[in-house]
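Student: I need the structure of the sequence given here:
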Amino acid sequence: MPSSRASTIPYVIYLITQIRPTSILDVGVGFGKWGFLFREYTDIIASERDPTRYPKFGWKVRIEGIEAFKGYLHKGHSFVYDKIHIGDAKEIVNNIGRFDVIFLGDIIEHFRLNEGKELVRSAIKKCNKCVILTTPRYDTGQSVLCNNPLEQHLSLWRQRDFRELGRCMIAKADKATYVVAYPLVPNSRFKLAIKYNRRRSWPAVLKRKYNALKKVFFCEI
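Tutor: You can find the predicted model right below:
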């Protein structure tokens, strides 16, 4: 479907705020939720200290997306994304430029397992800092949705499948969803100081996830 579980949002945005990317590729944009969240927690949140970052002409982070089904695109995409690439994600990722972060949000399950692994490998090669992906932990039986034949789920991933592709950090966002990160930069900003987590400005939903997050993402890489 052109959306995804809300439970993955704190995990993914936590990583984005730690990595501080200057460029993000959103593979399989769907409705475009992640584009708005990425923009908010990069340029918009930076406007607290630098008001020139709030209007679109002041945005400094390059956010592009890939979508194979044109029927999902609307005016919001053209506002929040710098560019949307239409077509097969496997081909586009192989031929696109480099990004600090490549996000594969609920997309790999729409490919056969070998094809999905090929896509993740390509993302790792094209990424400067981190590949982040989310995917179901269980077979949902999903078939055609929203008049889009590409919505069918063709694979189910296990933890061994993620680790086969490289060193990664795996979290269970809820009982039904994995969040996986392939950190590509040694000593990058994944380790969040406790005092930062206690800041009043830190979103309450992230505070509630703190104990789960520290077990998975608080590590030197």
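Student: what ranges do the strands span in the protein?
Tutor: All strands of the chain, identified by DSSP state E, fall at 23-27, 62-67, 83-86, 99-105, 127-136, 169-174, 177-183.
Student: please name the residues that touch the residue most central in space within the chain.
Tutor: The geometric centre of the chain, computed from its C-alpha atoms, lies nearest to Phe103 (CA atoms, centre = their mean), at 3.2 Å. Taking CB atoms under 8 Å, 6 or more residues apart in numbering, we find Phe103 in contact with 12, 24-27, 34, 38, 131-133. Every C-beta, even on glycine, is put in place using the N, C-alpha and C of the backbone.
Student: now the strands of the chain in CSV, with distance to Arg158 and mean pLDDT?
Tutor: As requested, these are exported to CSV (distance: least, CB to CB, whole Å; pLDDT from 0 to 100):
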stretch, distance to Arg158, mean pLDDT
strand 23-27, 21, 96
strand 62-67, 25, 94
strand 83-86, 30, 94
strand 99-105, 16, 95
strand 127-136, 10, 93
strand 169-174, 10, 83
strand 177-183, 9, 89
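Student: as TSV, these with distance to Leu119 would be great.
Tutor: As requested, the strands of the chain are arranged in TSV below (distance: least, CB to CB, whole Å):
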stretch	distance to Leu119
strand 23-27	8
strand 62-67	10
strand 83-86	14
strand 99-105	7
strand 127-136	9
strand 169-174	18
strand 177-183	12
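Student: what's around Ile102, how many residues?
Tutor: When neighbours are defined as other CB atoms under 10 Å, Ile102 has 31 of them.
Student: I misspoke; the intended subject was Pro183.
Tutor: For Pro183, the tally of surrounding residues (other CB under 10 Å) stands at 22.
Student: quick check, it in contact with Arg167.
Tutor: Yes: with contacts counted by CB atoms under 8 Å, Pro183 reaches Arg167, the gap being 7.4 Å.
Student: shaky segments in the chain?
Tutor: Flagging of the chain using pLDDT under 70 yields the residue ranges 1-5, 139-153, 186-221.
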